[in-house]
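> have a look; sequence and predicted model below, questions after that.
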Amino acid sequence: MYGKGIFKGLSVTWKRFWETYTEDISWMLRGKKRYFTEEGVKARAHKDTKGIFTVQYPEEQLIAPEEFRFVPFLVYDEGADGKKEPRCTSCGICSKVCPPQCIWIVRTNDPNTGRPVPQPAEFYVDMDICMNCGFCAEYCPFDAIKMDHKFDIASYHRNVYDLDKLLKPASYYASIRPENYAREEEARKAKEAAKAAKAAASVAA
Amino acid sequence: MATAIQTSVDLVARFPNFVSLDARAGYSGFIVKKENLIEVATAIRDEFGYDLLTAVTGVDYIADNKMEVVYHAYKTTGGAGLIFRTQAERVDPIEVPSLTSIWAGAEYQEREAWDLLGIKFTGHPDLRRILMWEGFEGHPLRKDWKEAFYEEEAKPFKSRWPEGHHTYAEFKNPFHDNLNFPKDFDPENFTVTKEEDLYASLERDSQTDEAGNMKTDHVVVNMGPHHPSTHGVLRVAVQLSGETIIGLKPVMGYLHRNHDKIGERNTYLQIIPYTDRLDYFNSMSNNFGYVIAVEKLMKIQVAERAEYIRVIMAELSRIQNHLIFIGMLMNDLGAMYTPSLYSFEERELVLDVFEAVSGARMMCNYFRFGGVVRDIPDFAMQKIKDLVFDRLPAKTDEMERFLNENEILVARLKGIHVLNAEDAIRYSVTGPVLRAAGVPYDLRRADPYSIYDRFDFDVAVRHNGDMLDNYLIRFDEIRQSLRIIEQAVKQIPAGPINSQKPQYQVRVPAGESYGRIESPKGELAYYLVSNGKPNPYRYHVRPASFVNMTAVETICKGSKIQDFVALLAMLDVVMGEVDR
């Protein structure tokens, strides 16, 4: 019969149409909110999701997985009396590995000896050029540069971030990437313990 | 890896006078004298059976004062390929005979080589610029050509560290000694070229007589570049008789950014994120092809677990690409929104997986030489299993129920835009379009790379070569991809995810390599020439949709303009890959 296929197809759209209501009603009966809650957004990204699928950005946002990456930032440790201690040693690996070459670093030189000091004097990331590839964070040997989760940085002016804007505390890093942070801290402690043991051994000898 | 180029074909014995083995270290294949190229190429196709010419590209060996054209020919019955090349003195005009009479698929690739390298292919039917605009001066892929805002030959630039005081690129004078202008160039009186060549090329094709028909004038219509259904900024000059297409020329290059040249400025590692941006729907597959090409040069093994992860990602990528294909085809046929949103829904779930493993939904940048960046987190692995074993098969069935029997859809697709097997091979068409024409040529089987030889799957093939078969074969491929992932997630071993130590600058020995994979759109291949430096000497992408476009004119001649829009969807072109 001509038109059978169309009706068969319409049965799918019909089913989907009703599901938008049945889903909402079932959430309501369970006394839960399907929209504007984290639970609701999660349910919409679940494999059994049906009904309305869209996420109402910006009121709702997809929950970013830990590895989600957007433009880089620099990590600093909080020293005594709240002093910012950037982990960056201005070794320049991130600026060398950067594919669009958007990282600019001025190394600090000791004014007396003229020899390099492991600390950046200036650090710029041109966010308009950054392609969010994550190489800088991946190849940084000091866990000093990391990829951010904050992605809404659109502005009316150009986004060249200097040290001031780039530096974020290690606690922030731990909050967006808890697993990575824990893993790196563990590795760092193991390394320090090994170093201490080696130093102790050399003293003993 | 079975893709090593074999030299058992004895071209030298067949043509002792004008063919010689390429003896340079790291190179393989044959060097053919350019005067005898046509004769040798004919023999390669007819006597040796290499019927599919996949890649034509040039390399500028400026130090030897040579321009080389490299051809990669394969058999559609499978197996390793044959590289042959010809060299010409690097003195303008550089002339090499065109092979379009033997493999029609060489047409656009030769035009590209002319455009970017300035190699003149004598006997080419339509040798115009293809990616750069008409009236452009110079050939940008030549080694002595510098782009605007040129800084240094190769990255990393010295201005970034240790004295990296930030400056904007446009503060530098782009017109210093970077750009070449014609001698009599006067910016005040410059007018854009009228594109006589483009329309003249249409005239050439429209010299068909219409005996017995009412005499009508032909109309040239320009579709695009800003047309919602041209899949990006593609412009097509169509010559119409009534509403029948009698001639057609695609005009591309609106997204051209000279990916090859950027690649030659980059280090090997830095190219990976740039490949993401070629075919932006399938960044995983793009990465895959590139790392295979480099791994071949470096002669390194890939970690076992990483091989499985790569296959899982590449196949997931294929699934979501074909879902978009279905949605976009419907979109182009007039069924706006509903089918495409249904397919986007499944695609979003696949992208969630990509985001969890790589950190980005589309620009994944996930593959590294010797493996991948990081392991799949447990929750993402669970999601892959949920999708592959549970959701996607059911949703594919639902999609079929939704569309496949729809009478209107079948009427729009059946018997339209038929591409037969001979033409498909002649035009170097690859991928689902070739398989829908009845040629069971799938690189995963024909020339297996990575670990595809371990999986049990069928090569999807259909036989009519029309739009309907092109549409249905995507469903077949989704099913086969699901089959592969099902096996891969069951077999995946534990272990390291990279066989190499992470290093930001890899050492690549001198030589050439050709890494090819079956991307969702067809054969995606990377041709690399290394001279041992941290940057590739030559980096060339052979994109599937660009080469598939060569057949556009043949396919749609004689059909209605309304169906042409759907043809672009059928070929599954992505302008990011066509224009590069």
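In hand now; what should we look at?

> can we go C-alpha only for contacts and neighbour counts from here?
Noted.

> quick one, what contacts the closest residue to residue B:395 other than its chain neighbours?
Of all residues not flanking residue B:395 in the chain, residue B:346 sits nearest, at 7.9 Å (Cα to Cα, 6 or more residues apart in numbering or on different chains). By Cα atoms under 8 Å, 6 or more residues apart in numbering or on different chains, the residues touching residue B:346 are B:320, B:323, B:392, B:395.

> wait, which of those residues is closest to chain A?
Lowest distance from chain A to the contacts of residue B:346 (Cα to the nearest Cα) belongs to residue B:392, with 9.1 Å.

> and that closest one, what element?
Using DSSP states H and E, residue B:392 sits within helix B:392-403.

> what packs against that helix?
Secondary-structure packing of helix B:392-403 (3 or more Cα pairs under 8 Å, 6 or more residues apart in numbering or on different chains; DSSP states H and E): helix A:4-29, helix B:467-491.

> now do 6 Å
Secondary-structure packing of helix B:392-403 (3 or more Cα pairs under 6 Å, 6 or more residues apart in numbering or on different chains; DSSP states H and E): helix A:4-29.

> could you point out which element follows the helix it packs on?
Counting by DSSP H and E, what follows helix A:4-29 is helix A:38-44.

> neighbouring contacts of that next one?
Here helix A:38-44 makes contact (Cα atoms under 6 Å, 6 or more residues apart in numbering or on different chains) with A:34, A:53.

> what is the rounded mean pLDDT of that helix?
Model confidence over helix A:38-44, given as mean pLDDT, is 88.

> report the backbone C-alpha coordinates of it in PDB.
C-alpha atoms of helix A:38-44 as PDB (Å, rounded to 0.1, in the frame of the first residue of the first chain):
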ATOM      1  CA  GLU A  38      22.400  18.400  37.800                       C
ATOM      2  CA  GLU A  39      20.600  15.100  38.000                       C
ATOM      3  CA  GLY A  40      18.400  16.100  35.100                       C
ATOM      4  CA  VAL A  41      21.300  17.100  32.900                       C
ATOM      5  CA  LYS A  42      23.000  13.800  33.800                       C
ATOM      6  CA  ALA A  43      19.900  11.800  32.900                       C
ATOM      7  CA  ARG A  44      19.800  13.500  29.500                       C
END
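
> list the buried residues in that helix.
A:40-41, A:43-44 (16 or more other Cα atoms under 10 Å in any protein chain shown).

> off-centre distance for it?
21 Å (Cα atoms, centre = their mean, to the nearest Å).

> sheet partners, orientation included, of the next helix or strand after that helix?
Downstream of helix A:38-44, the first helix or strand assigned by DSSP H and E is strand A:70-78. Paired strands of strand A:70-78, with direction, are strand A:84-86 (antiparallel), strand A:145-148 (antiparallel), strand A:167-169 (parallel) (DSSP bridges).

> of all the ones you listed, which one comes closest to residue B:291?
strand A:145-148 (23.6 Å; Cα to Cα).

> for the following helix or strand past the closest one, what is the average pLDDT?
Using DSSP H and E, the next helix or strand after strand A:145-148 towards the C-terminus is strand A:160-161. For strand A:160-161, mean pLDDT is 90.

> and strand A:160-161, what does it pack onto?
Here strand A:160-161 is seen to pack against strand A:116-126 when contacts are counted using 3+ Cα pairs under 6 Å, 6+ apart.

> pull out the buried residues from the strand it packs on.
A:116, A:119-126.

> next, count neighbours for the nearest residue to residue B:360 once chain neighbours are set aside.
In space, residue B:360 comes closest to residue A:68 once its chain neighbours are excluded; the distance is 6.0 Å by Cα to Cα, 6+ apart. Using other Cα atoms under 10 Å in any protein chain shown, residue A:68 has 22 other residues around it.

> on that earlier part again, out of the buried residues of strand A:116-126, who's nearest residue B:97?
residue A:126 (47.0 Å).

> now do the closest one against residue A:166, distance only.
11 Å (Cα to Cα, to the nearest Å).

> return the most buried member of the strands paired with strand A:70-78.
Counting by mean count of other Cα atoms under 10 Å in any protein chain shown, strand A:145-148 has the highest mean neighbour count of these, with a mean of 24.

> CA atoms only for that one, dumped as CSV, please.
Extracted C-alpha coordinates of strand A:145-148, given in CSV (Å, rounded to 0.1, in the frame of the first residue of the first chain):
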residue,chain,number,x,y,z
ILE,A,145,50.5,24.9,33.2
LYS,A,146,47.1,23.2,33.0
MET,A,147,44.0,23.3,30.9
ASP,A,148,41.1,25.1,32.3
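
> list the contacts of it.
A:69-75, A:137.

> make it 7 Å
Contact with strand A:145-148 is made by A:69-75, A:134, A:136-137, as judged by Cα atoms under 7 Å, 6 or more residues apart in numbering or on different chains.

> among those residues, who's most crowded?
residue A:134 leads the contacts of strand A:145-148 on contacts (other Cα under 10 Å) with 28 neighbours.

> check what pLDDT the nearest residue to residue B:487 once chain neighbours are set aside gets.
Closest residue to residue B:487 apart from its sequence neighbours, by Cα to Cα, 6+ apart: residue B:455 at 6.9 Å. Listed pLDDT for residue B:455 reads 91.

> with residue B:181 instead?
With respect to pLDDT, residue B:181 scores 69.

> ditto for the one 5 residues further on
On the pLDDT scale, residue B:186 is placed at 78.

> re the thing from before, next helix or strand past the helix holding residue B:392?
helix B:407-413.

> who's in contact with the residue nearest to residue B:360?
A:149, B:355-356, B:359-360.

> count of neighbours near the residue of the stretch 401-550 of chain B found nearest chain A?
Nearest to chain A, among the residues of the stretch 401-550 of chain B, is residue B:402, at 3.8 Å (Cα to the nearest Cα). Each residue near residue B:402 was counted by other Cα under 10 Å, and the total is 20.

> likewise for residue B:452?
Neighbour count of residue B:452, defined by other Cα under 10 Å: 18.

> what of residue B:117?
23.

> from residue B:549, how far out is it?
21 Å.

> what of residue B:253?
13 Å.

> next: residue B:542.
Counting by Cα to Cα - residue B:542 and residue B:549 are separated by 12 Å.

> can you check residue B:44 too?
Residue B:44 sits 24 Å away from residue B:549, taking Cα to Cα as the criterion.

> just the pLDDT at the closest residue to residue A:10 other than its chain neighbours, thanks.
Nearest residue to residue A:10 in three dimensions, chain neighbours excluded: residue B:402, at 6.9 Å (Cα to Cα, 6+ apart). The score at residue B:402 is 89. That number is its pLDDT.
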